[in-house]
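In: Here is a sequence together with a model predicted from it:
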Amino acid sequence: MKRVGIIGGLGPESTVEYYQTFIKKFQNKMNSNKVLPELFINSINMYNIFRFIDENKMTDLIDYVGQAAQKLEEIGADVVVISANTPHIVFADVQNKVNVPMISIVEATYEKAVEQGMKKVGLLGTKFTMEHDFFKKPFLANEKEVIVPNEQDQMFIHEKIVEELENGIVKQETKEAFLRVINTMMEEENIDGLILGCTELPMILNDQDVTLPLLNTTEIHIDTMIEHVF
C-alpha cells in the first residue's frame, strides 16, 4: 500500500476536505471503517504562493513548493499531491525536484472532462488559474475550448475566494453572484461543463445549483489519489 504525501495549507479548508474525503474513499475501497491509510501532510503558507505569482517570482515559487514536496519524499511518501489548483502553474518544475511520482489535478480533471464528452468548458478559480494557461493547455492541445469570465468577474471571484472561502466563510450573496457569472457564461458561450478550478469552490457550489455538469477538481483529484494508492 502506497503512502501519499499532501502539500496542504493552500488553503486550510480544502486541506481538511482532502484529508477527510481521502479517508472515507479509502475505507469505502477497503469495504471497512476499521482501516485507515497512512499519509503525510506538509502544510505550507498559501499567501506565499499568491505573493510569488503576483510578483512573478516563479523561481521562488518552484523552490517553495519543491521543498515541500522534497520533505514529504524524505519522510516516506510514495506519491505526492498539491491540494490546490493554483500552484500547479509550476507542477512540472516541482515534479522535477522529487523522485516519487506526483498526481496532477489538471491532468486528472482533463481526463474526467474527456470521459464525460465535454468540448467547451467554463473555468472558475483564482485569478492566477483563470488568467494563466497552465490549466487550459491539455484542453487546447486536444481541440477543446476553455472559457473564463470577463476580467471584472475574475477579480470579483478571486477576491471572494481569498477573503471568504479560504477562511471558511460561505455567504449566500456570494453564491448568488457566482451563479450570475455562471449563467452569463452558459448563455453567452454555450459551455457544456464547468470546472470548479479552486479546491474551495465546492464549499459554495454543487450539482444542485446549476443545470450543467460540474467538474469538482477536489473530488476528481482525490479519486485519482485513491487509484494510485492501491
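Out: Cool, the structure landed. Residues are numbered from 1 along each chain as shown.
In: How about the contacts made by the nearest residue to D207 once chain neighbours are set aside?
Out: Beyond its immediate neighbours in the sequence, the residue positioned closest to D207 (CB to CB, 6 or more residues apart in numbering) is L214, lying 5.6 Å away. C-betas here are computed from N, CA, C, even on glycine. Applying CB atoms under 8 Å, 6 or more residues apart in numbering to L214 gives the contacts G193, L194, L196, L205, N206, D207.
In: how does it look with 10 Å?
Out: Taking CB atoms under 10 Å, 6 or more residues apart in numbering as the criterion, L214 is in contact with 122, 124, 182, 193-196, 201-202, 205-208.
In: go on, I7?
Out: In this structure, I7 makes contact with 15, 40-44, 65-66, 68-69, 71-72, 77, 80-84, 87, 94, 102, judged by CB under 10 Å, 6+ apart.
In: Bridged to it, which residues?
Out: Per DSSP bridges, residues listed as beta-bridge partners of I7: N42, I82.
In: Distance check, the residue sitting nearest the centre point of the chain against T211.
Out: Closest residue to the average C-alpha location of the chain: N85 at 3.4 Å, with CA atoms, centre = their mean. As defined by CB to CB, to the nearest Å, N85 lies at a distance of 24 Å from T211.
In: just S43 next, same as before
Out: Distance, S43 to T211, using CB to CB: 37 Å.
In: Between these two, which is the more surrounded one?
Out: When neighbours are counted by other CB atoms under 10 Å, S43 comes out ahead of the other of S43 and T211, with 15 against 9.
In: Tell me who's in contact with the closest residue to that one other than its chain neighbours.
Out: Nearest residue to S43 in three dimensions, chain neighbours excluded: G9, at 3.7 Å (CB to CB, 6+ apart). With contact set as CB under 10 Å, 6+ apart, G9 has these partners: 15, 41-49, 68, 83-84.
In: again, 8 Å this time
Out: T15, S43, I44, N45, M46.
In: So which of those residues belong to strands?
Out: Under the assignment DSSP state E, those contribute S43 to strands.
In: would you list the contacts of G9 in JSON lines and tack on distance to A177 and pLDDT?
Out: Rendered in JSON lines, the data for the contacts of G9 read as follows (distance: CB to CB, whole Å; pLDDT from 0 to 100):
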{"residue": "T15", "distance to A177": "26", "pLDDT": "97"}
{"residue": "S43", "distance to A177": "30", "pLDDT": "98"}
{"residue": "I44", "distance to A177": "30", "pLDDT": "98"}
{"residue": "N45", "distance to A177": "28", "pLDDT": "97"}
{"residue": "M46", "distance to A177": "23", "pLDDT": "95"}
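In: With that, I have no additional questions.
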